[in-house]
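Q: Here is my input; please provide its structure:
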Amino acid sequence: MTTQEQSQSARTPIIVFSALIFLTITTVLLSGLDVGDTGAIIVAMSIATIKALLVLTFFMHLNHEPLIFKLFVALAFVTLLTLFLLTFSDYSFRGM
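A: Presented below is the predicted three-dimensional model:
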């Protein structure tokens, strides 16, 4: 491993951790805004998705895995998204 690779590998987790802290602070600050129920869910789920992708990519080293492994992780996310969409759509029609 060269010196440049070592400095990048030591710097990357710090940058990702800083981004996670920033996104957490952003989530807390945005929770005080009155954007409605749907807006709050969309904002919270968007930030949570970004944070999950950062953790998967850098801390769980998904960026160094083969393509087939990445596809299975993507399939799991699509399944989770489908489950969320079906749950939220059911929840939205309960008042009718």
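
Q: Report the buried residues of the lowest-mean-pLDDT helix or strand in the chain.
A: Least confident helix or strand of the chain, by mean pLDDT, DSSP states H and E, is helix 3-30 with a mean of 82. Within helix 3-30, the residues scored as buried using 16 or more other Cβ atoms under 10 Å are 20, 23. Where you see a C-beta, it was placed from the backbone N, CA and C, and this is true even at glycine.

Q: repeat for stretch 39-47
A: Val43.

Q: let's have the chain start at 4 instead
A: Right, with 4 as the first residue, what we last looked at is stretch 42-50.

Q: can you give me the offset of that stretch from its chain's centre?
A: A distance of 11 Å separates the centroid of the chain from that of stretch 42-50, by Cα atoms, centre = their mean, to the nearest Å.

Q: Could you do stretch 48-55 as well?
A: That offset, for stretch 48-55, works out to 3 Å (Cα atoms, centre = their mean).

Q: cool, and stretch 39-53?
A: With Cα atoms, centre = their mean, you get 11 Å for stretch 39-53.

Q: go on, stretch 53-69?
A: Relative to its chain's centre, stretch 53-69 lies at 10 Å (Cα atoms, centre = their mean).

Q: and that stretch, how far apart are its ends?
A: 21 Å (Cα to Cα, to the nearest Å).

Q: most centrally placed residue in the protein?
A: Thr52 (2.4 Å; Cα atoms, centre = their mean).

Q: Report the secondary structure state of that residue.
A: helix (DSSP: H, G, I helix; E, B strand; the rest coil).

Q: Please report how far it lies from Val76.
A: Distance of Thr52 to Val76, computed by Cβ to Cβ, to the nearest Å: 13 Å.

Q: Val58 now?
A: According to Cβ to Cβ, Val58 and Val76 sit 12 Å apart.

Q: for the protein, what are the low-confidence residue spans?
A: Counting by pLDDT under 70, the chain has low-confidence residues at 4-11, 99.
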